[in-house]
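Engineer: coordinates only, sequence not included:
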């Protein structure tokens, strides 16, 4: 059983049981986004997390071994992305990141924001302009080493 | 004079005058990130903004006309990106956005986060784990219309 | 069951029952084009719409859950397109849109026509030159926000 | 002098003289969109059109010969498009055209909408939902011939 | 049943029955090339044509509905083409068509040869230089319209 | 001086002198299409042909050496092609050649039509359906050898 | 049954029977390389060759019809090639062929080495430098024709 | 001065002096093909070779330093190749090398033919079938090592 | 049974039996990395190695024949790579290898490090900076030969 | 002045002064590989490093500002790589890294080897098999964080 097959089964089970990511996250003590990433195949579950997911989603026992392995991370989507929700983020990276990089180097010097030691947060906001989505990425700053 | 030429001249002038994006942002009353986006060619400056930028950066007068036009937005970088700072964001969109999209639709229903009516914020954080970068995107939620 | 599988089944059922998009549109109170988009997987049906479609097309009950979810939008065709009908539109975007964009910015300033809040209309016209197709796109204008 | 060079000079002259596409269109008796297409290099100007454009834009005389030749049509933009205004149209062709094609064949049988004998129209609309852009394409229907 | 499946079955049946395109063409009153195009999925058969093909090739009755629909035209080969017979034509378009286009515009002005209203003819010739293949394309000339 | 530079100069000179391909072809005793191919860089001119072209077009003497060398053949156009005249031929090869190949093998057995020993002919036809373009390719048939 | 399926079955049968290309070649009176090309799908077997191959490899009778048809030649490998043995040849064509072409035109004038009327030979050599592979291609020279 | 610039100058000088690769090869005691590879930028000339080439071709003294450096090997042609002479070799690698590889492993076991320790030879042959080109590659066989 | 199928079965068996690469390597007297390469399909196992692997992993007997053949090497991953572990190495080759090549040529002259006669070693290191991975490649140096 | 221009000038100066990377490395107290990476544009020099490089290479003073900025890292080579030295490393990543990744996760769990905090070392070795190149990469291990 591959990570892609586990993803497929888990998403169907989640739909059938009408569970939200919020609820699944609570079941393993993680955020909704991280929990979704885990089932999409972008993380190595601890044994406790995997057992809780198998139980709450009623997954086949074989998925336990797969969920607790370090995955080979592959996209769960075509590339370049075709869905308008996703493309808007792609557009941001395509166009605006060089400007952001420039500002970041003024704040931090040469280096990168880690995509390994990084937390993602997603919020719904209502204000005068209507409904807004606020998404933030919080990653460790890594400086280039000399040798 | 093209947007790409204005970008090049403006970045050289900024370096020669040792101006930061923070300082340039103050000169036009905008955030550092938005100000960088403007000079990189990702926005239509108001006349006041353009005049302030021309003055503080000592740009050729011809740039005024260019800065106040609606630009054709083109990447200021090769694609797919090759710089490690940029690639980490590309990696996030490539791998994790489908999981994020799933969580977002639970919060908002079908639709997208606008990349037009959107604010970007960048912060430096120091905590127990060391230095961290916090970047957030705040965009209007747009729902699909039926017809 | 995926969106792609629902699309396939729905199109076969439509053929077998000799139903037109016009008739399907009437069944759910939407235009023929929007109705086709819904079954191709480019929209989130309301419960009423989904139930009407399942009934009139005699679809398996499992399709109800799929039709009412926010879809990941993927092309129902190879890309770049190979069908001559489709390629002509591709050609228009490839060649003529920069000129159209220029005219649009004179009318609207910097911004875009939304592809989310947008209606599509398709008509057959007979005139002295013969038969003509008239297709129109009516989308909300979105202006870039400063920050 | 190439079509690309004529395009570049003409656009600069248009900016310097603060002429709109509306005004240029009137000068040659064509619509603003067609006039923009002509200067972008997507049409063969009649001698009268070319002379009027050379005069009103004060173009070098050498451009007359270029404007009246049948052009090799090449995109005035990178591809796939990177500008958000253009990408939204690309997205429409990528995703929705197969559904539209299906509806069109119900109205017309097998064939295509010509992109050669085709008129483009662009309008600004204000209604309760705010400002909207209405763009329409009106093309001759061409049926496949048997042999 | 898709067009691709109909193509596959039809080609196998044709082989098993040792029918030539010449013979199939006669059965429906069309040229061998057009008949091949029809079974490869590049045309909408009239009811008479479809019935004759189903009969002579002993095709499943379900193919009738497929053959009489307007198809989405997709290549029956990898692309760029890898077969030497096909590649030679690809090479001609890649290299020589700009020169041919130039000559054509001298004869016709701006426009294109239609690939919709077009006949293809294929002949075997024996002359002093040996065996030769003569292929010709006869298409309606379409002139660009102004607006 | 490269083949590409000779092409550019020759086309400008041809325009300035208002010479047609018909006339240039007569000057060297070749067909208009072959003559265009020669100046576009798709042939090795004999000394007589090169001298005649240099004379009638008033080309720099350095072009003589270039025209009489065996060229490295490169496209005089972007690829895939973007011009609608050219794309229609590309579409024919993309879609219809596998069907044509099938018919050809019935006539000739396994092999290819040579694109080296091949003549191209282009004609304007007026008939009841209007103006038509007739283009034909006449190439030696080459059979695969066994070893 | 496709050429690709015949290839697969034939290679398995060859392994199971521990037959070499040398031995298969002898069975049909062809060289080992040509015999391999035939079973890989790069040739039209004569009836005698096909019958001999079917017999010695114990192939299903249906393969006879496939082996004696003119094939559509498709690569039996990913592209660009990933296997180091194959890549070294790809590297030679990528880098050194323009230099070889230059030398060839000095020997032959403008034209090409045919890849249709061509023999391939492969030898193992032992000399002072160790084991060496000698591969040669012997093809008819084809000169461009004028018209 | 880059390798590409040295290539360009050297080829022009060779033409102006009407020197053949045969003659240049003799001047440095190497084969015509190797000599062409050296000037195209695919080898590190010894000091003696470089001095002889500079002298016989009358190259600028600066080229000496460039010719005696280990080059970064880049193609002197577009890729995939567009010239018919080159494409025929590309076609051979694309289609036939997997069959050749199979035969080679029967002769040699697992490994590759070196493209570093390799000699290329090119000959013109006249026989009953006409003029033929014979090209051979003679490379050291390298076996995979275990560890 | 293909190399890809053997890889899949072997990896599942290894997981089910909770065997490490260290243990598998010991079973055949090879390093863990080489052993992994063998089962991934990047080597020709000796009969002893294959028999030991079949035994310890309890593989189907058919795998013996596959493991002892020279493989066609294909990637066991998408390309460009999407997994962050793999991408970091891709990034190193993309960006830093030209600088490394320059240093290498100072040490060795023109040539390459063999990827055929090459050993790979992987170590875990703990030092003041934390945990580190040390990976080394040890390959025979091959010098270009003249001819 | 761009990073690419600084790279070009620095490499020419290094050649003209016959300085080795060894010597340049000593001048700034860094390894030869790191020094080469700095001048190729893959690092932000400290002021001391930049001043020492400017002095020893006699670079224009303007390079000081460029060398001390955080660079946008772009490849100094075509991609995919065409030089055989570089391609061999590309081949290793393409084929063998998934096997290496598997071994690494057994040693370290889920995570990556940093390409930011990483040292590269290059050595020449002479042993019984001849000359060998030993290259090693020593990078900090980064574990995925949960949230």
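Structural biologist: Noted; the coordinates are in hand. Please read all numbers here as calculations on a predicted model, not as lab measurements. Numbers count the residues shown, from 1 in each chain, chains lettered A, B, ... in the order given.

Engineer: which residue ranges form the helices in chain A?
Structural biologist: A:3-16, A:21-28, A:32-40, A:47-57, A:63-67, A:84-108 (DSSP state H).

Engineer: look up how far residue A:52 lies from the residue nearest to residue A:51 when sequence neighbours are not counted.
Structural biologist: In space, and not counting its chain neighbours, residue A:51 is closest to residue A:64: 6.9 Å by Cβ to Cβ, 6 or more residues apart in numbering or on different chains. (Each C-beta comes from the backbone N, C-alpha and C, glycine too.) From residue A:64 over to residue A:52 the distance is 11 Å, taken as Cβ to Cβ, to the nearest Å.

Engineer: how about residue A:141?
Structural biologist: From residue A:141 to residue A:52 the distance is 33 Å (Cβ to Cβ).

Engineer: care to break chain A down by domain?
Structural biologist: Chain A resolves into domains spanning A:3-67, A:84-143 when parsed by automatic domain parsing.

Engineer: so which of residue A:141 and residue A:52 has more stuff around it?
Structural biologist: A count of neighbours by other Cβ atoms under 10 Å in any protein chain shown puts residue A:141 above the other of residue A:141 and residue A:52, at 21 against 18.

Engineer: tell me the contacts of that one?
Structural biologist: A:108, A:111, A:112, A:113, A:114, B:124, B:130, B:131, B:132, B:133 (Cβ atoms under 8 Å, 6 or more residues apart in numbering or on different chains).

Engineer: so in terms of bridging, what pairs with the nearest residue to it once chain neighbours are set aside?
Structural biologist: Counting by Cβ to Cβ, 6+ apart, residue A:141 lies nearest to residue B:131, which is 4.2 Å off, once chain neighbours are set aside. Listed by DSSP bridges, the beta-bridge partners for residue B:131 are residue B:126.

Engineer: neighbours around residue B:131, how many?
Structural biologist: Count around residue B:131 with other Cβ under 10 Å applied: 16.

Engineer: that one and residue F:95, how far apart?
Structural biologist: Taking Cβ to Cβ, one finds residue B:131 at 57 Å from residue F:95.

Engineer: which pLDDT value goes with the residue nearest the centre of chain A?
Structural biologist: The centroid of chain A falls nearest to residue A:37 when counting by Cα atoms, centre = their mean (3.9 Å). The per-residue pLDDT reported for residue A:37 equals 98.

Engineer: surely it touches residue B:98?
Structural biologist: No. Counting by Cβ atoms under 8 Å, residue A:37 does not reach residue B:98; the two are 9.5 Å apart.

Engineer: do you know the pLDDT at residue A:129?
Structural biologist: 89.

Engineer: wait, it sits on residue B:142?
Structural biologist: No. Between residue A:129 and residue B:142 there is no contact under Cβ under 8 Å: 11.6 Å.

Engineer: who has more neighbours out of the two?
Structural biologist: residue B:142 (25 against 11).

Engineer: not counting its neighbours along the chain, what's nearest the more buried one?
Structural biologist: residue C:116 is the one closest to residue B:142 (Cβ to Cβ, 6+ apart), at 4.7 Å.

Engineer: quick one: contacts for that neighbour?
Structural biologist: A:84, B:111, B:112, B:142, B:143, B:144, B:145.

Engineer: hmm, try it at 7 Å
Structural biologist: Contact partners of residue C:116, counting by Cβ atoms under 7 Å, 6 or more residues apart in numbering or on different chains, are A:84, B:111, B:112, B:142, B:144.

Engineer: how about residue A:79?
Structural biologist: So residue A:79 contacts residue B:94 (Cβ under 7 Å, 6+ apart).

Engineer: point me to the residue of chain A nearest chain I.
Structural biologist: Closest residue of chain A to chain I, Cβ to the nearest Cβ: residue A:73 (4.5 Å).

Engineer: now that residue, what are its backbone angles?
Structural biologist: Torsion angles at residue A:73 (phi, psi; degrees, to the nearest 10) stand at phi -80, psi 120.

Engineer: how close does it sit to chain J?
Structural biologist: According to Cβ to the nearest Cβ, to the nearest Å, residue A:73 stands 10 Å off from chain J.

Engineer: what's the separation between that residue and residue I:8?
Structural biologist: Counting by Cβ to Cβ, the gap between residue A:73 and residue I:8 amounts to 19 Å.

Engineer: the two - which one has more neighbours?
Structural biologist: Shown here are residue A:73 and residue I:8; by other Cβ under 10 Å, residue A:73 has more neighbours (24 against 13).

Engineer: wait, that one sits on residue I:84?
Structural biologist: Yes. Residue A:73 is within contact range of residue I:84, at 6.4 Å (criterion: Cβ atoms under 7 Å).

Engineer: so residue A:106 touches residue B:23, yeah?
Structural biologist: No. Using Cβ under 7 Å, residue A:106 makes no contact with residue B:23, being 10.1 Å away.

Engineer: around chain I, pick out the residues from chain A.
Structural biologist: Chain A comes close to chain I at residues A:65, A:72, A:73, A:74, A:75, A:115, A:116, as judged by Cβ under 7 Å from any Cβ of the partner chain.

Engineer: okay, now the fifth one: neighbour count?
Structural biologist: In other words, residue A:75. Residue A:75 has 17 nearby residues by other Cβ under 10 Å.

Engineer: for residue A:120, what are its contacts?
Structural biologist: So residue A:120 contacts A:33, A:137, B:100 (Cβ under 7 Å, 6+ apart).

Engineer: apply 6 Å and report the result again.
Structural biologist: Contacts for residue A:120 (Cβ atoms under 6 Å, 6 or more residues apart in numbering or on different chains) come out as A:33, A:137.

Engineer: quick check: bridge partners of it?
Structural biologist: residue A:137.

Engineer: on the pLDDT front, check it for me.
Structural biologist: So residue A:120 comes in at 98 (pLDDT).

Engineer: repeat that for residue A:1.
Structural biologist: So, for residue A:1, pLDDT stands at 84.

Engineer: pretty sure it contacts residue A:62?
Structural biologist: Yes. Counting by Cβ atoms under 6 Å, residue A:1 does reach residue A:62; the two are 5.2 Å apart.

Engineer: how many neighbouring residues does the nearest residue to residue A:123 once chain neighbours are set aside have?
Structural biologist: With sequence-adjacent residues excluded and distances taken as Cβ to Cβ, 6+ apart, residue A:123 is closest to residue A:134, at 4.4 Å. For residue A:134, the count of nearby residues is 16 (other Cβ under 10 Å).

Engineer: ditto for residue A:136
Structural biologist: So residue A:136, with other Cβ under 10 Å, has 16 neighbours.

Engineer: do you know how far the nearest residue to it once chain neighbours are set aside is from residue A:92?
Structural biologist: Leaving aside its chain neighbours, residue A:136 sits nearest to residue B:136 (3.7 Å; criterion: Cβ to Cβ, 6+ apart). Distance, residue B:136 to residue A:92, by Cβ to Cβ: 12 Å.

Engineer: now find how far off-centre stretch A:37-48 is within its chain.
Structural biologist: 10 Å (Cα atoms, centre = their mean, to the nearest Å).

Engineer: can you list the buried residues in that stretch?
Structural biologist: If you call a residue buried by 16 or more other Cβ atoms under 10 Å in any protein chain shown, then stretch A:37-48 has these buried ones: A:37, A:38, A:39, A:40, A:41, A:42, A:43, A:44, A:45.

Engineer: now do stretch A:19-28
Structural biologist: A:21, A:24, A:25, A:27, A:28.

Engineer: thought the fourth one was touching residue A:53?
Structural biologist: It stands for residue A:27. No. If you go by Cβ under 6 Å, residue A:27 and residue A:53 don't touch, sitting 7.3 Å apart.

Engineer: would you mark the buried spots in stretch A:80-90?
Structural biologist: Buried, per 16+ other Cβ under 10 Å, within stretch A:80-90: A:81, A:82, A:83, A:84, A:85, A:86, A:87, A:88, A:89, A:90.
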